[in-house]
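# coordinates only, sequence not included:
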């Protein structure tokens, strides 16, 4: 008992003293040991690195990272920087610290930089004209290709016809954005919030399929990205997400008045959560709060304007997707310490979560929709690349089967079904053409 208490005390002391100058060393130390308490320290240190990347990248420890360690950091979706050029500069500085030994690593690291979020002139002057890039012809061609797709394919909308099983590109959004929240209400597709160049948005717009056109609606009360939304009583509810902090706020949009109204905040701030409507209540599930991935869930009663707790999920999930089918709430994929292929459902009658057959492919930042009694899981990331693949789940047989791929690989998107079509609202566009 005293040993456990001493371990916890040591952990708290180390955690409280994490700073930009020592966080990488603590992360590397905790990774190399196999004590349960150090697993917590590893996660705390890694989240600190991601949350304070700009300061950390200027410290001496940063230059001593192994190539795979740096790749793991750069691949995180929650890497916090004011502009993407900071990430690019950190890669070039790391390589220039030991240029002869490290120049080969640029082909691993530079594709982790999101060129579409950077100024075109910066890419031309500082990336494509960099000596290390120019001496690697294969990499130069690859970077040129990535630059072109990133600056052209932004804010796109595709539809998948569930009758003909074909994809079609529709009119793009007026404002390109990623980490957007999408839902359908009264024959319109609504896209809300999201971010561009690491700036969260309050803006929202809606798409009218019969004229293939997007128009702006009233802006939300709060900027938010990685939020989740649903519909109830002819209103759109959006919950959680992130601006300069993880949010517990929620609000609804009334299309009749074109107004947003704040409601009682959730009990727990949640980013990368899932929200769904069932039996007149709104369920907010999972997500993350700081370094902690959440299993918890809560529900909102619009009559009393209050939230109440519901049972925890089997697994911790963030950046998953959620839907309702056959009086059950399903969640699919996501990530915690790894990318997940797991799926589970909540049965309100038994007040219990139950695992189902895992998906064929691990996915986070995927999209899921229900159609004709089946669940379609589309795109996302598998931890290494964006996915174009899709699969569907038959709850009668508890099995997944393949369906046609999307035209392009996609993550950072949201998805909705309407008029026998699946609509994919995407920021990024293709990652491989």
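Cool, the structure landed. Note that the structure is predicted; figures quoted are calculated from it, not measured.
# tell me which element residue 44 is part of?
Assigned by DSSP states H and E, residue 44 belongs to helix 36-51.
# in that helix, what's buried?
By 16 or more other Cβ atoms under 10 Å, the buried positions in helix 36-51 come out as 37-38, 40-51. In short, each C-beta sits where N, CA and C put it, glycine included.
# now stretch 334-354
334-336, 339-346, 353.
# which stretches of this structure have low pLDDT?
Applying pLDDT under 70 to the chain flags the ranges 1-7, 34-38, 77-78, 114-130, 132-170, 197-198, 406-433.
# what are the boundaries of the helices in it?
Listed in chain order, the helices of the chain (DSSP state H) span 2-16, 23-32, 36-51, 53-56, 60-63, 67-74, 85-97, 99-102, 106-109, 120-122, 131-134, 137-152.
# for the fifth one, packing partners?
It stands for helix 60-63. Under the contact criterion of 3 or more Cβ pairs under 8 Å, 6 or more residues apart in numbering; DSSP states H and E, helix 60-63 touches helix 23-32, helix 85-97.
# quick one: the spatially closest residue to residue 337 that is not a sequence neighbour from residue 275, how far?
Distance criterion Cβ to Cβ, 6 or more residues apart in numbering; nearest residue to residue 337, sequence neighbours excluded, is residue 43 at 7.5 Å. Going from residue 43 to residue 275 by Cβ to Cβ, to the nearest Å gives 25 Å.
# again, but for residue 52
Distance, residue 52 to residue 275, using Cβ to Cβ: 29 Å.
# please apply the same query to residue 66.
39 Å.
# now swap in residue 300 and tell me
Taking Cβ to Cβ, one finds residue 300 at 9 Å from residue 275.
# which neighbours do the two share?
Common neighbours of residue 300 and residue 275, using Cβ atoms under 8 Å, 6 or more residues apart in numbering, are 237, 239, 282-284.
# nearest to residue 106 among the residues you listed?
residue 239 (40.8 Å; Cβ to Cβ).
# the closest one touches residue 274, doesn't it?
No - between residue 239 and residue 274 there is no contact under Cβ atoms under 8 Å: 9.5 Å.
# would you mind listing the residues touching both of those two?
228, 284.
# is residue 262 in a bridge, and if so with what?
On the basis of DSSP bridges, residue 262 is bridged to residue 251.
# now residue 281
Counting by DSSP bridges, the residues bridging with residue 281 are residue 278.
# next up, the contacts around it.
Residue 281 neighbours (Cβ under 8 Å, 6+ apart): 299-302.
# what do you get for residue 69?
By Cβ under 8 Å, 6+ apart, the contact list for residue 69 reads residue 28.
# ok, residue 248 - contacts?
If a contact means Cβ under 8 Å, 6+ apart, then residue 248 has 240, 265-270 as its contacts.
# apply 6 Å and report the result again.
Counting by Cβ atoms under 6 Å, 6 or more residues apart in numbering, residue 248 makes contact with 265-266, 269.
# and what of residue 380?
363-366, 387, 411.
# just to revisit the earlier point, the contacts of residue 248, buried ones only, as a PyMOL selection?
Buried residues within the contacts of residue 248, by 16+ other Cβ under 10 Å, are selected in PyMOL with:
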select buried, resi 266+269
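# what's the offset of stretch 26-42 from the middle of its chain?
Averaging C-alpha positions (Cα atoms, centre = their mean, to the nearest Å) puts stretch 26-42 26 Å from its chain's average.
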